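Peer 1: Structure, please.
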Amino acid sequence: MKIAAYAALAVVAASAANAGGYVAPVVEAPIEAVPAPVVDASDWTGFYAGLQYGKGNAELDYSGASADSDFDGFGAHAGYQRDFGKFVAGGELDYNKADLDAGGDADLIRLRARAGYDMGRFLPYVTLGAAHIKGDDDLSETGITYGLGADFKVTEKFTVGAEYSRSDFKDVADVDNADLDTDLVQIRASYHF
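Peer 2: Numbers count the residues shown, from 1 in each chain. Okay, here's the model as predicted:
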């Protein structure tokens, strides 16, 4: 009887062991996060136009003597630029009406090249070009202009920015060593087409 009991116990144990067999523990592989593709959210390529307003100073220097006048400068600008990845280049034409504190008005027209660094929605840039000033008192001179600024994209179509520029005019009214320099700080708003 003992033999029969041991045999029955062996059969039950063998059938239980064979029923499911050995099952290895399940080890789940760690989940790896896939980085999102880097997409340049802003493209600065295209035409743009807008308005600007600012404060400036004009200084006339002749043989060590100087006279200066502050002015409000307001006007419009239009241009085109091309985004080459991280580098942005283009050109711009702008018109500024200067209302001089010392009395009188002057028109400042500038044609400038722009070069900037694409930081997504932010574009710092430098400018270099030609400037022409025409005043109430038969003043009409052409000189050089240069500056720096930055634009920020509020939306893909609308930017705001700030800019400092300087325009230098040499030998004003054909008088040797009579130099006129203007400094202008402006805020700008542009629509991109």
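
Peer 1: helix/strand/coil for Ala78?
Peer 2: Secondary structure assignment for Ala78 (DSSP: H, G, I helix; E, B strand; the rest coil): strand.

Peer 1: bridging residues for it?
Peer 2: Ala49, Leu93 (DSSP bridges).

Peer 1: residues touching it, list them.
Peer 2: Counting by Cβ atoms under 8 Å, 6 or more residues apart in numbering, Ala78 makes contact with 47-50, 92-94. Yep, even glycine has a C-beta here, placed from its N, CA and C like the rest.

Peer 1: so which of those comes closest to Glu141?
Peer 2: Comparing these against Glu141 with Cβ to Cβ places Asp94 closest, at 17.1 Å.

Peer 1: Distance check, the closest one against Glu59.
Peer 2: 21 Å (Cβ to Cβ, to the nearest Å).

Peer 1: With neighbour numbers in mind, choose between the two.
Peer 2: Neighbour count, other Cβ atoms under 10 Å: between Asp94 and Glu59, Asp94 has more, with 25 against 13.

Peer 1: wait, the more buried one sits on Ala76?
Peer 2: Yes: under the criterion of Cβ atoms under 8 Å, Asp94 makes contact with Ala76 at 6.9 Å.

Peer 1: any shared contact partners between those two?
Peer 2: Gln52.

Peer 1: what about Pro124, helix or strand, and which?
Peer 2: If you go by DSSP states H and E, Pro124 is part of strand 122-135.

Peer 1: ugh, wrong one, I meant Ile3
Peer 2: Assigned by DSSP H and E, Ile3 belongs to helix 2-20.

Peer 1: now Gly54
Peer 2: Here Gly54 is assigned to strand 46-62, by DSSP H and E.

Peer 1: What is the least confident helix or strand in the chain?
Peer 2: Least confident helix or strand of the chain, by mean pLDDT, DSSP states H and E, is helix 2-20 with a mean of 60.

Peer 1: middle-most residue in the protein, spatially?
Peer 2: By Cα atoms, centre = their mean, the mean C-alpha position of the chain lies nearest to Leu123, the distance being 1.4 Å.

Peer 1: Identify all contacting residues around stretch 93-104.
Peer 2: Residues outside stretch 93-104 that contact it (Cβ under 8 Å, 6+ apart) are 52, 56, 58, 67, 69-79, 105-112, 135-137, 182, 184.
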